[in-house]
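K.L.:
Turn this into a model:
(one chain, ligands or ions: 2)
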Amino acid sequence: MLEAPCMVINSVLSAMAFNYPANKLSVYLSDDGGSDLTFYALLRASIFSKHWLPFCSRFNVQHRSPEPFFATQYSTTSNNTHYSQACLFIKKLYEEMKNEIESAVAKGKVPESYMRNEHVGFSEWNPKTTKQDHHPIVQIVIDGRDKDAVDEDGFQPPTLVYLSREKRPNYPHHFKAGAINALIRVSSEISNAPFILNLDCDMCSNNADTIKEVLCFFLDQTKGHDIAYVQFPQWFHNITKNDHYGNSCVVTNKFELAGISGYGAAMFCGTGCLHRRESLSGAYLRDYKAKWDFKSKTINNRTVHELNQASKALATCTYEEGTQWGKGRGWKSIYYNPERKAFVGVAPTTLDVAFVQHKRWSEGTFQIFLSKYCPFIYGHGKIHLGVQMGYCVYLLWAPMSLPFLCYVIVPPICLLHGIPLFPKLSSIWVLPFAYAFLATYGYSLCEYLSCGHPAKGWWNLQRIKLMHRTTSYFFGFIDTVTKQLGLSQTNFAITDKVVTEDVQTRYEQEVIDFGGSSNSIMLIILATVALLNLFGLVGGIKRILVDMEFSSSQFVVQIALSSLVAMINCMSC
Ligand SMILES: O=c1ccn([C@@H]2O[C@H](COP(=O)(O)OP(=O)(O)O[C@H]3O[C@H](CO)[C@@H](O)[C@H](O)[C@H]3O)[C@@H](O)[C@H]2O)c(=O)[nH]1
Ligand SMILES: [Mn+2]
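P.N.:
Ligands and ions are numbered 1, 2, ... in the order given. Model prediction:
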């Protein structure tokens, strides 16, 4: 299991605990793993939520997902006040739940007694159920309409639904996008709320008022009608001081995404995004004005069983075949980066996981570039040229690995053979090169420092960029091209989120952890590049200084380049 149920329910609990009228809030958990353990964890969380939600509102708790709350905000040293007693109590409940879930996960099965007595939902699983092959499962765990479902303070909790869409080996399921589509349809049957927040299982809400804040954009009388979605930046709670895997994306989050959004076309990042339902289901009229008299289906009088059954039909793997699903155009979008982070997630803690993630990103974005949705073609005349180019900075990560590879391979070879590639230092033509180099890196360093992060973090980012460009993006490029040619199939490598203790320790000490051997070919490339530059450097310098075959001034740039590449690569080994 790559995604621990305890982490998943932390996200769910944080979403349930928004400061927002609970009868208007429904939380859906999509489980593509189709695991009864996740369902069990959700049931346990639904019980815990009856204590957690009132606790949060009573004490106006900031961290509404329990794990970070107990790790940071909560302190046992406070006096024996009402608050600290309540804290101790809720902590005990949380730990009980966590232990039960973790021991069930360790055993690989749901406790027998629980399955028999607690929920009919378990009957959906049988010994033949596998991740790749099972019927649709929809279980309303908490029915927000149910007057008996009130929590310990007498408040109604939000509706809570478990969904595991149908999977069959011979039907493409389209990974996360397919999961989101199934969620949109199922939720339209059960709650049909006009706004949809989409969160990854490893992201938690970090601000209880986010929904209220973001609705201000959508409800704006003059400009709100055009807005399809509001995207929040992806922040992470496990970034080390010098961010040795360059995970934090500070400059991207602070400047780049905000800049693109200036054209009214913020990028969708896949998580931490609030969509208007109508913009997803394709309803678009030129004179569209939002209507606020939505028929919430929660007030309808179908039973939970009827809703479960009706929703299943929407979670089948053939539902989308031959439909116009997903058409629409003409909306605007907003990027919103509030002072207090709205959502925080988990960043990779080993190099191989970071590689997997970047390979997938570079592949996915390059696929968009090659599809009919290429910003330069589909976006032509619809969005500003600035946005088209802004998107392509990301969409072209994969092919940009090619020129980059040339830069790290060709100069050392030429140096070894005494072939000058750049103008002499005394020549005026060296100026454009110097300018491009200094302007790019100087500007990038200033941007980074202005985000309040240390210079070492910037250096680490340059190092990891070099690694990604020579490996992950290059493999992303090759895989995308072979897929386009029909030689292989699309996949979505989910990043492993289960971290052992020694991996965590190494991460906190900022030691580069090469992780498992699954990416050994990537490491071979890195080592080859490093050695090539080292040999080029030594050989070149020897021929210049010892053999005096050519003059050094011709090779200054090449020597500097090779030293830099060798230094960056060797430092990480
Ligand atoms: O077949 C799939 C594959 C993934 N997921 C979910 O998608 C989410 C993102 O997967 P993860 O492995 O955590 O990817 P990350 O690299 O952490 O995620 C970033 O990159 C993804 C695109 O590569 C975006 O979709 C995410 O929103 C973004 O946070 C997780 O909740 C998964 O459970 C599915 O539901 N079904
Ligand atoms: Mn993730």
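
K.L.:
how about the helices in the stretch 451-573 of the chain?
P.N.:
Ranges of helices in the stretch 451-573 of the chain, per DSSP state H, counting those that start in this stretch, are 455-470, 472-484, 501-508, 520-541, 556-572.

K.L.:
make that the stretch 151-300 of the chain, sorry
P.N.:
Using DSSP H, counting those that start in this stretch, the helices found in the stretch 151-300 of the chain span residues 175-190, 210-218, 250-251, 257-261, 277-281.

K.L.:
want to throw these into JSON lines with distance to ligand 1?
P.N.:
C-betas here are computed from N, CA, C, even on glycine. Output for those, formatted as JSON lines (distance: least, CB to the nearest ligand atom, whole Å):
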{"stretch": "helix 175-190", "distance to ligand 1": "4"}
{"stretch": "helix 210-218", "distance to ligand 1": "17"}
{"stretch": "helix 250-251", "distance to ligand 1": "16"}
{"stretch": "helix 257-261", "distance to ligand 1": "13"}
{"stretch": "helix 277-281", "distance to ligand 1": "15"}
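
K.L.:
Now the weakest link among the helices of the stretch 451-573 of the chain, please, by mean pLDDT.
P.N.:
Lowest mean pLDDT within those: helix 556-572, at a mean of 82.

K.L.:
What is that one packed up against?
P.N.:
If contacts are counted by 3 or more CB pairs under 8 Å, 6 or more residues apart in numbering; DSSP states H and E, helix 556-572 sits against helix 401-417, helix 455-470, helix 520-541.

K.L.:
any idea which helix is longest in this protein?
P.N.:
helix 82-107 (DSSP state H).

K.L.:
quick one: the residue of the stretch 351-500 of the chain at minimum distance from ligand 2 and ligand 1, what's the gap?
P.N.:
Nearest to ligand 2 in the stretch 351-500 of the chain, going by CB to the ion, is T495, at a distance of 5.7 Å. T495 is 4 Å from ligand 1, where distance means CB to the nearest ligand atom, to the nearest Å.

K.L.:
thinking that residue is in contact with V356, fair?
P.N.:
Yes - using CB atoms under 8 Å, T495 is in contact with V356, at 5.8 Å.

K.L.:
which residues are in contact with both of these two?
P.N.:
Common contacts of T495 and V356, defined by CB atoms under 8 Å, 6 or more residues apart in numbering, comprise P348.

K.L.:
that older thread, any idea which of the helices and strands packed on helix 556-572 gets closest to ligand 1?
P.N.:
helix 455-470 (13.4 Å; CB to the nearest ligand atom).

K.L.:
And for that closest one, what's in contact with it?
P.N.:
With CB under 8 Å, 6+ apart as the contact definition, helix 455-470 has outside contacts at 241-246, 248, 351, 354-355, 358, 362, 400-401, 404-405, 408, 441, 444-445, 448-449, 525-526, 529, 565, 568-569, 571-572.

K.L.:
Any residues of the chain in contact with ligand 2? List them.
P.N.:
D200, D202 (CB under 5 Å from the ion).

K.L.:
what about 8 Å?
P.N.:
Residues of the chain found near ligand 2 (CB under 8 Å from the ion) are D200, C201, D202, M203, T271, G345, V346, Q357, T495, K497.

K.L.:
follow-up on the earlier one: reformat the helices of the stretch 151-300 of the chain as TSV; add mean pLDDT.
P.N.:
Below are the helices of the stretch 151-300 of the chain laid out as TSV (pLDDT from 0 to 100):
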stretch	mean pLDDT
helix 175-190	94
helix 210-218	96
helix 250-251	96
helix 257-261	96
helix 277-281	86
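
K.L.:
Save those helices as JSON lines, and put in mean neighbour count and distance to Y20 too.
P.N.:
Formatted as JSON lines, these follow (neighbours: other CB atoms under 10 Å; distance: least, CB to CB, whole Å):
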{"stretch": "helix 175-190", "mean neighbour count": "20", "distance to Y20": "16"}
{"stretch": "helix 210-218", "mean neighbour count": "18", "distance to Y20": "5"}
{"stretch": "helix 250-251", "mean neighbour count": "20", "distance to Y20": "30"}
{"stretch": "helix 257-261", "mean neighbour count": "19", "distance to Y20": "25"}
{"stretch": "helix 277-281", "mean neighbour count": "18", "distance to Y20": "16"}
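
K.L.:
so which of the ones you listed comes closest to S333?
P.N.:
S333 lies closest to helix 257-261 among the helices of the stretch 151-300 of the chain, at 7.4 Å (CB to CB).

K.L.:
Export that closest one to CSV, keeping only CA atoms.
P.N.:
Extracted C-alpha coordinates of helix 257-261, given in CSV (Å, rounded to 0.1, in the frame of the first residue of the first chain):
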residue,chain,number,x,y,z
LEU,A,257,1.8,30.9,-11.2
ALA,A,258,0.7,34.3,-10.0
GLY,A,259,2.1,35.9,-13.1
ILE,A,260,0.2,33.6,-15.5
SER,A,261,-2.9,34.2,-13.5
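
K.L.:
Now do it: everything it contacts.
P.N.:
Contacts of helix 257-261 (CB under 8 Å, 6+ apart): 231, 233, 266-267, 269, 333-335, 337, 386-387, 390-391.

K.L.:
Having no further points to raise, I will conclude here.
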